[in-house]
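> Take a look and give me a structure for this.
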Amino acid sequence: MLGFRDAVPALIAIGTWGLVTGVAIVKSGISETLATLMTLLVYAGSAQLTALPLINEGMPLWLIFAAGLVVNIRFLIFGAALQPYFRHLSWPRRLGVGFFSSDIGFVLFMGRYGESRERGNPLHLWYFLGIIGPGWLVWNALSILGIYLAAVIPASWSLEFAGVLALLSVVIPLVSTRPMAVCMLAAGCVAYIGQGLPLRLGLAAAVVAGIVAGVLSERLARKVRRK
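Numbering: from 1, shown residues only. Predicted coordinates for the structure are as follows:
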């Protein structure tokens, strides 16, 4: 399957971050049982990591929920971009696709079909499922592994740094056009500047900045080509 083939390199990054998240959840004081349940029901590593300190500090549920929404607001943008490709599906199926969607899935899908004018092709769905299905399995498997091995994994392993390297190995090959490079540069700069913002707002701002910069760069490139 084409989607799975394209996803194989990304599975290393997904698995690494899943392991990091699983370890972080347990080391925050949550029991292994609750951590496993959280991993299976909340398929969002950034939201989980954002919620952990709020849970530990006894913050109200509405604030924890709101923080998770802010961090994951990027999926609203992803969903709007993917909607033309999957709008022919029923609501239950679209909700299912939405639940299993991921950052890597969106990036790989748009990298292959973002410039295509064809919409609603069954191959689009199968390609996307070939990415997000294995991604969900790998994420949960490694997250649960991290949960139950957290006590024996030393901090000296620097799993967070390994996760960053794994993600870079996936993202860098995707920078094949000027708009994509502008998108990555803008997102990286905003993420760096906004890393001190509360509730991981810097992440949400970086996503918005990257998308806006990429769209504007693409429009500018089209105008130049027309001239």
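
> if you average pLDDT over the longest helix that the chain contains, what comes out?
In the chain, assigned by DSSP state H, the helix with the most residues is helix 122-149. When pLDDT is averaged over helix 122-149, the result is 92.

> Which strands and helices lie in contact with it?
Helix 122-149 sits against helix 2-27, helix 32-41, helix 74-86, helix 91-100, helix 103-113, with contacts defined as 3 or more Cβ pairs under 8 Å, 6 or more residues apart in numbering; DSSP states H and E. In short, each C-beta sits where N, CA and C put it, glycine included.

> Any chance of TSV for those helices, columns mean neighbour count?
Converted to TSV, those look like this (neighbours: other Cβ atoms under 10 Å):
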stretch	mean neighbour count
helix 2-27	21
helix 32-41	16
helix 74-86	16
helix 91-100	13
helix 103-113	20
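
> Redo those helices as CSV? Include mean pLDDT and distance to I153.
Converted to CSV, the helices and strands packed on helix 122-149 look like this (pLDDT from 0 to 100; distance: least, Cβ to Cβ, whole Å):
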stretch, mean pLDDT, distance to I153
helix 2-27, 86, 6
helix 32-41, 90, 14
helix 74-86, 87, 29
helix 91-100, 92, 27
helix 103-113, 86, 24
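
> So which of those helices is nearest G194?
helix 74-86 (13.6 Å; Cβ to Cβ).

> Please identify the buried residues of the helix or strand containing L216?
In the assignment (DSSP states H and E), L216 maps to helix 201-226. Buried residues in helix 201-226, defined by neighbour count with 16 or more other Cβ atoms under 10 Å: 201-211, 213-214, 217-218.
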